[in-house]
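[1] Using only what follows, build the 3D model:
(one chain, ligands or ions: 2)
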Amino acid sequence: MSAGGAVAESPGGRAGIRLEGVRKGFGDLQVLDGFDLAVDEAETVAVIGRSGSGKSVLLKHVAGLIRPDEGEVWVEGERVSHASDEAMEELRPRIGYVFQFAGLFDSMSVGENIRMALRKRGVTGAEVERWVERSLELVDLAGQAERSPAELSGGMRKRAGLARAVAGRPDYLLYDEPTTGLDPVTTSLIGQLIIRLKEEIGATSILVTHDLASAFRVADRVAMLYRGRLRAVGTPEEMKASDDPVVRAFVEGRVDLWPDDEE
Ligand SMILES: Nc1ncnc2c1ncn2[C@@H]1O[C@H](COP(=O)(O)OP(=O)(O)OP(=O)(O)O)[C@@H](O)[C@H]1O
Ligand SMILES: [Mg+2]
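    Numbering: from 1, shown residues only. Ligands and ions are numbered 1, 2, ... in the order given. From the prediction side, this is the model:
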């Protein structure tokens, strides 16, 4: 679903998400060091990489929550790396963001959290309650709208955050570790949900996850972030068969093969 308006195209000729030469440092730490990635319209790309490699920082760039020191980030026709606050106010409701730590407002009920996202998306009237219930059903939280996020279990909070992100049927979906800390059954349920959303909404998506099985099952392509750059990208099959030693070490969980980070 598009909120309307002409779809301008980013350089390269396609709607979707593009990061070009993105550099971002915090003090002495260079987190992103010339990172490039293009996600096609309606494509799901999983980003893998070690803890602390910059995956969450990368997603925040796409949502315009962090600006790069250098380089450009495009979402559809909008250069979010350089966009005005007004332009981001328009774009952000079309981006569903599943925050790594749920990111719900504890002062509001679960339903109120979702309603707020829907209002920003322009959903009004009787539609609102229907969409709230529908999104809660999707994550197995039907009837939980009036509860406070503070009284939910960790996994329930995570699912409530997911419900909020998808409630307004966004054009873009950014998932930051949607399954971390969930039991295997719920993890599998969330994986199925991501696939279903892909089919139903066709949102252009980036999925950050440590769960390689989900990444390989859910994503059209898998990208590996290493030392601030795109180390490799390919279909799940290509990545599983990669002869890049860094990709192999990561995919096989082989600490002994992992390059010395002090190099
Ligand atoms: N706002 C910030 N200020 C200073 N340093 C930051 C900031 N945000 C992130 N960092 C640093 O950037 C690095 C990358 O962080 P990031 O959260 O992106 O890692 P990650 O790949 O998501 O890790 P994990 O898999 O553990 O979630 C870390 O060293 C982190 O401490
Ligand atoms: Mg992270």
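[2] where does Met232 land in three-state SS?
    In this structure residue 232 is Ala, not Met. Here Ala232 is strand, with the state taken from DSSP: H, G, I helix; E, B strand; the rest coil.
[3] Can you tell me how far it is from Ala223?
    Relative to Ala223, Ala232 is positioned 7 Å away (Cβ to Cβ, to the nearest Å). C-betas here are computed from N, CA, C, even on glycine.
[4] And for Glu127?
    36 Å.
[5] And these two? Which one has more around it.
    Using other Cβ atoms under 10 Å, the more surrounded residue of Glu127 and Ala223 is Ala223, with 24 against 11.
[6] before we move on, which element is that one in?
    Applying DSSP states H and E as the criterion places Ala223 in strand 221-226.
[7] In its sheet, which strands sit next to that strand, and in what direction?
    Strands that pair with strand 221-226, judged by DSSP bridges, come out as strand 44-48 (parallel), strand 229-234 (antiparallel).
[8] out of the ones you listed, deepest packed?
    Mean neighbour count (mean count of other Cβ atoms under 10 Å) peaks for strand 44-48 among the strands paired with strand 221-226, with a mean of 25.
[9] quick one: contacts of that one?
    Outside strand 44-48, the residues that touch it by Cβ atoms under 8 Å, 6 or more residues apart in numbering are 37, 39, 55, 58, 194, 198, 204-210, 212, 214-216, 218-225, 233, 250.
[10] Over to stretch 138-152?
    Stretch 138-152 is contacted from outside by 102, 104-106, 108-111, 113-114, 132-133, 136, 156-157, 159-160, 162-163, 166, 186, 189-190, 193, 196, using Cβ under 8 Å, 6+ apart.
[11] Can you pick out the ones from these that are in helices?
    110-111, 113-114, 132-133, 136, 156-157, 159-160, 162-163, 166, 186, 189-190, 193, 196 (DSSP state H).
[12] Pull up the residues of the stretch 51-200 of the chain that are close to ligand 2.
    By Cβ under 5 Å from the ion, the residues of the stretch 51-200 of the chain that approach ligand 2 are 56, 100.
[13] How is the protein divided into domains?
    What automatic domain parsing lists as the domains of the chain is 16-83+171-253, 106-169.
[14] any idea of the mean pLDDT in the first one?
    Confidence over domain 16-83+171-253, taken as the mean pLDDT, stands at 93.
[15] Within reach of ligand 1, which of the contacts of strand 44-48 are there?
    The subset of the contacts of strand 44-48 lying close to ligand 1, counting by Cβ under 6 Å from any ligand atom, consists of Lys55.
[16] Now list the buried members of the contacts of strand 44-48.
    Neighbour-count burial (16 or more other Cβ atoms under 10 Å) is assigned, among these, to 37, 39, 55, 58, 194, 198, 204-209, 212, 214-216, 218-219, 221-225, 233, 250.
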